[in-house]
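**Student:** Sequence and predicted structure, then a few things I'm wondering about:
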Amino acid sequence: MALTEVHQPSRQDSLDLRPEHSAESPLAVHDVTVAYHRKPVLWDIDFDAPIGKLTAIVGPNGAGKSTLIKASMGLIPLAAGRIEIFGKAIRAQRKLVGYVPQRGSVDWDFPVSALDVVCMGRYRAIGWCKPVTRAHKKAAMECLDRVGMVDFANRQISQLSGGQQQRVFLARALAQDAQLYFMDEPFAGVDAATESAIVDVLRTLRDQGRTVICVHHDLQTIPDYFDHVLLLNMRIVAQGPVAEVFTQENLQKTYGGRLTLLDEASEALARTSSSRTAKK
Amino acid sequence: MSLFLQIDLPAILTGTLAAICCAMLGNFLLLRRQSLLGDAISHTVLPGIVVGFLVFGTRSAGPMLLGAIAAALVAAVLIELVKRYGKLEPGAAMGVVFSVMFALGVLLMERAAARSVDLDAECVLYGQLEDVLWLGPQTIGDLLDPSMWPGFPREALTLLIITVIVALAIMLFFKELRITAFDPELATSLGIHAGTVHFVTTALVAIAAVASFEAVGSILVVAMLVCPAATARMFTDRLATQVLLSVVFAMIAGIGGYVLGAFGPMWVGLEHSLSAAGMMTVVAGALMGLAIVFAPNHGVLAKRWRAVSLSAAIAREDLLAMLYRLEENEAHVALTSGNIRGALGGGIPSRIAVRRAIKRSEINFQAAGAELTDTGRSEARRLVRTHRLWETYLVNELGLRPDHVHATAEQLEHVTSEEMASELREHTTGAIDPHGKPIPD
């Protein structure tokens, strides 16, 4: 996979070369490499998310799961390759994309209420410089209702339990009214009630024809919760329907030790480029 | 009157405007946990201001602002370089760069002073608030006389314009400032580029710092970027309220500081007035200190009181349950208030507990000691019931040993709601707890 014959294919070329990629795909990742400080953390990723399905991204720590999500949303630059959302670059498709970041990524002491946070999901619909109107607040309340958090709308967010905070994040994503959702470990550290609330919401989203891509840690629940799975460890180990791909053998390949040779090569690359910058 | 209008009023206006515009921006630095950045900027602009002055030979705002912005950019690049190649953490890198640049500014200023122009190191720290004069107005009516306006002090005018710009920017972009500070990645994914908003905020901080610098000096700028916002945060959990409160605290610091600095020494019989900017900073710090101790929800005292009150609530429940068990065992012990407090662990919580139980007429003291009233008995029965239900549950459902469950049940009984208790009842069978005591209905 690493050695493509055409190194810098034009857009149309690459679509022709890879007939599996379709312009209707909610997320098409074309031969993407992502690097932090010039050290690659994702190698030659090729992936098409199936539309209207729940897809889990699974892999060990440091496999690049969050990186893949962030790169897909255009939050991290790509070292190589191209990513398309419903056939176009992310810049043109932002309104179609919703996001649930890791709970630990924000400061929960921030002086905002649960409702304020959910309203943030409407900011794109509201537009620059315009205030949050009553109609948008009402829409946000409905989203809070869908995750069973209406009673907590006016609480400052640090007064919520971990599971409740996660539900607020989910409500905010619902408020985005997106077609493609990225969720980074929405089930991490939540209580049983929250877990089932999240599962309900995910299934409703799927029934509405929306696509959800979730970083997920709990291997036991994958067959229950998800349709598709992407096994990732710096490169894609396997992808496809859970029934076919989620096998003991593939899991062993994903979790069975680091790719020492690839790791070494990454380190070497990082070294050469840092000595090059030093010379500059 | 004319002394006040010509000397005090312009100084108060200038100081307070500087405080307000720094305070408003300070809210967003505080939320990003980047207050140190404001500190860095306000120090690094000094060499820029001096160079701007040396090059253009004028103290008007334009050239100094250009120099200051150039210096801020140089500082940003230097901080990045020191961080990367000096292997320092960001805070240390900032500290190195801004202190050295500040010192460089002071040295440059000495050169400038040697060429006999009026810039001196003291005004860098405290500003020259006392030199801000509005020569002209004799009466209040004169303030509205257009012929007096050209004499309006330049520093105050510049600050007024910048304060209005900052206030408008915050009102217009409130939503964007909030989301980029709270969740920059979501903001960027929504098309509100966090880096751009951040850059504009930082530029506004630089402009506010430069405009304030000459009049009030670097100390007040640094304090105002942090103190009013941090004080306001102690009083509210809402961002909009926090921003408004920070303006109020900035005004208190500005006006209060000037009055204390100018007239305070007179009141205590001293001759010389104190630095107004210095006193404003002290007032801002004092407000922060008071807020930390006395603020209604987040203050130290309020937190301490909540802890005591909670302990007292638990002690009161323990007291009722204790009396209930004594009645149950037909143990006729004459308990004095002192005995009870001792049994509840003593201290302030136990005192409050006894007082609360009496006030709610749950207990009263007879000749034979403390007794439960009917109200107290029914509350006590509920507590003992919950306790014994928990013991039964822990033994039957979790398989714990009967002699292990008392302490756990003791903790759980205080946090069990009615619903949880009835759910517990459904899970447990029998009317006897693991220790052979009856479970009340």
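**Tutor:** Structure's in. What do you need? Numbering: from 1, shown residues only, chains lettered A, B, ... in the order given.

**Student:** Going by C-alpha atoms from here, please, whenever you check contacts or count neighbours.
**Tutor:** OK.

**Student:** and A:Tyr99, which of the three is it?
**Tutor:** Using DSSP: H, G, I helix; E, B strand; the rest coil, the three-state assignment for A:Tyr99 comes out as strand.

**Student:** partner residues bridging it?
**Tutor:** Following DSSP bridges, A:Tyr99 is listed with bridge partners A:Phe182.

**Student:** got a list of what it touches?
**Tutor:** Neighbouring residues of A:Tyr99 by Cα atoms under 8 Å, 6 or more residues apart in numbering or on different chains: A:173, A:181-183, B:186, B:189.

**Student:** let's see 10 Å
**Tutor:** A:69-70, A:73, A:121, A:169-170, A:172-174, A:176, A:178, A:180-184, A:212-213, B:185-186, B:189-190 (Cα atoms under 10 Å, 6 or more residues apart in numbering or on different chains).

**Student:** sec struct for the residue of the stretch 251-400 of chain B found nearest chain A, please.
**Tutor:** Per Cα to the nearest Cα, B:His298 is where the stretch 251-400 of chain B lies closest to chain A, at 11.8 Å. Look at B:His298: counting by three-state DSSP, its state is coil.

**Student:** Where do the domain boundaries of chain B fall?
**Tutor:** Chain B resolves into domains spanning B:2-297, B:303-426 when parsed by automatic domain parsing.

**Student:** Stretch B:189-202 near chain A at all?
**Tutor:** Yes: counting by Cα under 10 Å from any Cα of the partner chain, chain A is contacted by stretch B:189-202 at B:189-193.

**Student:** What residues of that stretch count as buried?
**Tutor:** B:189-194, B:197-198, B:201-202 (16 or more other Cα atoms under 10 Å in any protein chain shown).

**Student:** Repeat that for stretch A:125-143.
**Tutor:** So stretch A:125-143, judged by 16+ other Cα under 10 Å, has buried residues A:126, A:132, A:136-137, A:139-143.

**Student:** The stretch 1-150 of chain B: helices as residue ranges?
**Tutor:** Counting by DSSP state H, counting those that start in this stretch, the stretch 1-150 of chain B has helices at residues B:2-3, B:9-31, B:35-56, B:61-85, B:90-114, B:121-126.

**Student:** For the last one, which outside residues touch it?
**Tutor:** Pointing back at helix B:121-126 there. With Cα under 10 Å, 6+ apart as the test, helix B:121-126 has contacts from B:43, B:46, B:102, B:105-107, B:109-110, B:113, B:127-129, B:213-221, B:275-279, B:281.

**Student:** 6 Å instead?
**Tutor:** Identification of contacts with helix B:121-126 by Cα atoms under 6 Å, 6 or more residues apart in numbering or on different chains yields B:216-219, B:277.

**Student:** you'd agree A:Ile57 is in a strand?
**Tutor:** Yes: assigned with three-state DSSP, A:Ile57 falls within a strand.

**Student:** Around B:Asn339, how many other residues sit close by?
**Tutor:** By the criterion of other Cα atoms under 10 Å in any protein chain shown, B:Asn339 has 13 neighbours.

**Student:** ok, and it, which helix or strand is that part of?
**Tutor:** Element membership of B:Asn339, judged by DSSP states H and E, is helix B:337-343.

**Student:** Buried residues, that helix. List them.
**Tutor:** B:337, B:340-341.

**Student:** what's the spacing between B:Met266 and B:Leu274?
**Tutor:** From B:Met266 over to B:Leu274 the distance is 10 Å, taken as Cα to Cα, to the nearest Å.

**Student:** same deal with B:Val247?
**Tutor:** 24 Å.

**Student:** go on, B:Ala93?
**Tutor:** 35 Å.

**Student:** rewinding a little: where does confidence bottom out across the buried residues of stretch B:189-202?
**Tutor:** Lowest pLDDT within these is found at B:Thr202 (86).

**Student:** Just the angle for the helix or strand that one falls within relative to helix B:61-85, thanks.
**Tutor:** Assessed by DSSP H and E, B:Thr202 sits inside helix B:194-235. Comparing the axes of helix B:194-235 and helix B:61-85 via axes from the mean of the first three to the mean of the last three Cα atoms, to 10 degrees yields an angle of 100 degrees.

**Student:** Could you list every helix and strand in contact with helix B:194-235?
**Tutor:** helix B:9-31, helix B:121-126, helix B:239-267, helix B:276-294 (3 or more Cα pairs under 6 Å, 6 or more residues apart in numbering or on different chains; DSSP states H and E).

**Student:** quick one, which of those helices is nearest to B:Val97?
**Tutor:** helix B:121-126 (17.7 Å; Cα to Cα).

**Student:** quick revisit: which one of B:Met266 and B:Leu274 is surrounded by more residues?
**Tutor:** B:Leu274 (17 against 13).
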